[in-house]
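Undergrad: Here is my input; please provide its structure:
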Amino acid sequence: MFGRNRQPGGANSGIQNSGSMQNVQNQPGAYNSTQSQDNSGIGRDELEGIADLLGRIRQGMELGRARVNDYELCVGFLDTVAEQRLDDPEGRAVAKGLLEKIQQKCGGVPGLVSLIASTLAAVSALA
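TA: Numbering: from 1, shown residues only. I've put the predicted structure just below:
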């Protein structure tokens, strides 16, 4: 006789879905099986790279604090950039706009303008 082990705790069978998915089916009688999906198109490496760049911008601003016009405002802008959801077009737009403002205010800090430009390019590449 052919049959399946349908006891809980046994081998996985079928899929239990969570998250925002379309056109996904689960096998009747499925148990102990899960599936998740990330539709952002943005990889963890890209996001970690941008987070690293934001940290380096913060360090550069701290080191060149005397040359940063309105340091506290720039730090506030940077904090707001870090809070944005970069997998969302609106979050990317806010991040890019704020990075451009920071870039304008940090023109006298060696290396910082190019670091901010690199970050802008990385955020723009996510689209």
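
Undergrad: Val94 contacts Glu83, doesn't it?
TA: No - with contact defined as C-beta atoms under 8 Å, Val94 does not reach Glu83; the gap is 9.1 Å. To be clear about C-beta, it is placed using only N, CA and C from the backbone, and glycine gets the same treatment.

Undergrad: When the two are compared, which one has more neighbours?
TA: Counting neighbours by other C-beta atoms under 10 Å for Val94 and for Glu83 shows that Val94 has the greater number, 17 against 10.

Undergrad: Helix or strand: which one has the more buried one?
TA: Per DSSP states H and E, Val94 falls inside helix 89-105.

Undergrad: average model confidence for that helix?
TA: Across helix 89-105, pLDDT averages out at 93.

Undergrad: Could you shift the numbering so residue one becomes 25, and keep it that way?
TA: That works, and once the first residue is 25, the last one we named lands at helix 113-129.

Undergrad: helices or strands up against that helix?
TA: Applying 3 or more C-beta pairs under 8 Å, 6 or more residues apart in numbering; DSSP states H and E, one finds that helix 113-129 makes contact with helix 95-107, helix 136-149.

Undergrad: Look up how far Asp103 lies from Cys130.
TA: From Cys130 across to Asp103, the span is 15 Å (C-beta to C-beta, to the nearest Å).

Undergrad: between the two, who's got more neighbours?
TA: Under the neighbour definition other C-beta under 10 Å, Cys130 and Asp103 were set side by side, and Cys130 has more, 23 against 12.

Undergrad: Isn't that one up against Gly88?
TA: Yes - the pair Cys130 / Gly88 is scored as a contact, 7.3 Å apart, by C-beta under 8 Å.

Undergrad: Between the two, which contacts overlap?
TA: Common neighbours of Cys130 and Gly88, using C-beta atoms under 8 Å, 6 or more residues apart in numbering, are Leu136.

Undergrad: residue contacts, the nearest residue to Ala146 once chain neighbours are set aside?
TA: Distance criterion C-beta to C-beta, 6 or more residues apart in numbering; nearest residue to Ala146, sequence neighbours excluded, is Ile74 at 5.2 Å. Residues counted as contacts of Ile74 (C-beta under 8 Å, 6+ apart) are 110, 143, 146-147.
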